[in-house]
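Colleague: need a 3D model of the sequence below.
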Amino acid sequence: MPLVPPATRSGPPQDTRPVVISGPSGVGKGTLFKMLFAAHPDVFTLSVSHTTRSPRGGEADGVDYHFVSMSDFESLIAQDAFVEHAKFGSNRYGTSKQTIADQTAKGKVVVLDIEMEGVKQIKKSGMDCRFVFVAPPAFEDLEKRLKGRGTETDESIEKRLSQAKLELEYAQTPGVHNRIIVNDDLGKAYQELEDYVYAPVA
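Modeller: From the prediction side, this is the model:
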C-alpha cells in the first residue's frame with residue numbers, strides 16, 4: 001500500500017466532476033489515485049466497471065467489478081448504458097453511466113481509470129469530466145519500469161510499449177487532457193494531482 005500523504009485539504013473539492021485518469025501501463029497512475037483515496041477516503045471513489053469475465057479469487061461482485069453475463073452486457077450496450085466499453089481478449093469491460101450517477105449523487109467525486117480508447121469514447125459521449133494524463137519522464141523510463149517488474153513475457157512487454165507509444169502520441173493532441181502530469185518523482189506527481197483536483201473553480 002502506498003504511503004498515505006498528509007491530508008493538506010479537507011472535504012470535497014469545489015469541482016466535483018468525475019476525474020478520468022489515463023496513462024500507459026507501468027507509469028504509476030494506480031499508485032497516484034490510491035494515494036488520493038488514502039488521503040481523502042470520504043471524498044473520492046473509483047468507478048466500479050462491469051465485466052463479463054469470471055471473478056478471480058478474493059474478488060467481490062460490486063466491489064472489484066460488477067460481474068455480468070455476455071448477454072446482459074450486450075443488452076446494456078444496446079440501451080446505451082455505458083459511457084465507454086471495450087473488449088480485451090474474449091471479455092468485455094465497461095463503465096456504466098448509472099454507476100457514475102449513483103456515486104455522484106452520494107456526494108463522491110468519481111475517479112475513472114481508463115485507457116486511451118475509453119477516453120475517446122467518454123469525449124464523444126459528452127459527459128462532463130476532467131481528464132488527467134500521467135506520463136513517464138521518458139519512454140526509456142517506462143521500458144525500464146515494465147522490464148523491472150519481472151512479471152511479464154518479452155512479447156507482453158513489447159505489446160504494452162507499442163500501446164504506450166500510441167497513448168503518448170494521443171496525449172499530445174491539443175485539448176484532449178486538462179492536465180498532463182509527468183511522474184518522475186512520486187511525491188511531486190501526487191502533489192500536482194491533488195493541486196489540480198482541488199483547484200478552485202474559476
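Colleague: and the helix-or-strand element of the chain with minimal mean pLDDT, what's buried?
Modeller: Considering only helices and strands, the least confidently modelled element of the chain by mean pLDDT, DSSP states H and E is helix 139-149, at a mean of 80. Residues 141, 142, 143, 145, 146 are the ones in helix 139-149 that count as buried (16 or more other Cβ atoms under 10 Å). Every C-beta, even on glycine, is put in place using the N, C-alpha and C of the backbone.
Colleague: over to stretch 121-129?
Modeller: Going by neighbour count (16+ other Cβ under 10 Å), the buried part of stretch 121-129 is 121, 122, 127, 129.
Colleague: also stretch 154-163?
Modeller: 157, 160, 161.
Colleague: looking at this, residue 95 is in a strand?
Modeller: Yes. When classified by DSSP: H, G, I helix; E, B strand; the rest coil, residue 95 is found to be part of a strand.
Colleague: show me which of the buried residues of helix 139-149 is closest to residue 55.
Modeller: Sorting the buried residues of helix 139-149 by how near they are to residue 55, with Cβ to Cβ, puts residue 146 at the top with 26.7 Å.
Colleague: now do that closest one against residue 129, distance only.
Modeller: Spatial separation of residue 146 from residue 129 under the definition Cβ to Cβ, to the nearest Å is 28 Å.
Colleague: so which of the buried residues of stretch 121-129 sit within helices?
Modeller: Per DSSP state H, helices hold the following members of the buried residues of stretch 121-129: 121, 122.
Colleague: among the buried residues of stretch 121-129, which has the minimum pLDDT value?
Modeller: Lowest pLDDT among the buried residues of stretch 121-129: residue 127, with 91.
Colleague: need the contact list for the closest residue to it other than its chain neighbours.
Modeller: In space, residue 127 comes closest to residue 83 once its chain neighbours are excluded; the distance is 5.4 Å by Cβ to Cβ, 6 or more residues apart in numbering. Contacts for residue 83 (Cβ atoms under 8 Å, 6 or more residues apart in numbering) come out as 95, 96, 97, 100, 121, 122, 125, 127.
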